[in-house]
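Show me how the following folds:
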Amino acid sequence: MPSSVVVVILSLLGEGKTFSSDKNFLYEKFFDLSKTFPSLFQDFIFDESKIYPKCEIIDFAIDRITGFGMVEWKNLGDDYIILPAMIKRGKELMAVFSAAGRIQLSKAAEKFKEMDR
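The predicted structure follows:
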């Protein structure tokens, strides 16, 4: 499932870490990651007709992690805080990927950390 890529990358940021809840920010960062790691994002379709490259898969993934209580709000919704449930789910999903895929996911998470903010 393509949304697993988003969940795993964000979970690899680490428990207690934060990431922006701004979907436009997330679209842009995952769009950038898709250029560096095309094999991970081959099923992602980005609508580039707008200011930000919108992607329904990212929307679905964020809805899942918020709906299942894997993150909590910080600063009145500016950021999400990664909870233990997300780390657990990320590990479960990571096991589905090949060894090469797991390496790519780890590298993508490192790049996401560098890009955040």
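
how long is stretch 92-99 end to end?
14 Å (CA to CA, to the nearest Å).

Tell me the buried residues in it?
Leu93, Met94, Phe97 (16 or more other CB atoms under 10 Å). C-beta here means a position set from N, CA and C on the backbone, and glycine is covered the same way.

Counting only helices, which of those residues make the cut?
Here DSSP state H is the test, and these give Leu93, Met94 as lying in helices.

In TSV, list the buried residues of stretch 92-99 along with pLDDT.
Below are the buried residues of stretch 92-99 laid out as TSV (pLDDT from 0 to 100):
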residue	pLDDT
Leu93	96
Met94	96
Phe97	95
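
and the least confident helix or strand in the chain by mean pLDDT, what other elements does it pack with?
Least confident helix or strand, the chain: strand 71-74 with a mean of 86, by mean pLDDT, DSSP states H and E. If you count contacts as 3 or more CB pairs under 8 Å, 6 or more residues apart in numbering; DSSP states H and E, strand 71-74 packs onto strand 79-82.

Residues contacting the strand it packs on, please?
10-11, 13-21, 65-66, 70-74 (CB atoms under 8 Å, 6 or more residues apart in numbering).

Report the buried members of those.
Here, 16+ other CB under 10 Å leaves Leu10, Ser11, Leu13, Lys17, Thr18, Phe19, Ser21, Ile65, Met70, Val71 buried among the contacts of strand 79-82.

Tell me the one of those nearest Pro84?
Using CB to CB, Met70 comes nearest to Pro84 of the buried ones among the contacts of strand 79-82, at 8.8 Å.

just checking, that closest one touches Asp63?
No - here Met70 does not reach Asp63: they are 11.1 Å apart, not a contact under CB atoms under 8 Å.

Run through this protein and note the low-pLDDT ranges.
The chain contains residues with pLDDT under 70 at 75-77, 116-117.

Tell me which residues of the lengthiest helix in it come out buried.
Secondary structure of the chain per DSSP H: the longest helix is helix 99-115. Within helix 99-115, the residues scored as buried using 16+ other CB under 10 Å are Gly101, Gln104, Leu105, Lys107, Ala108, Ala109, Lys111, Phe112.
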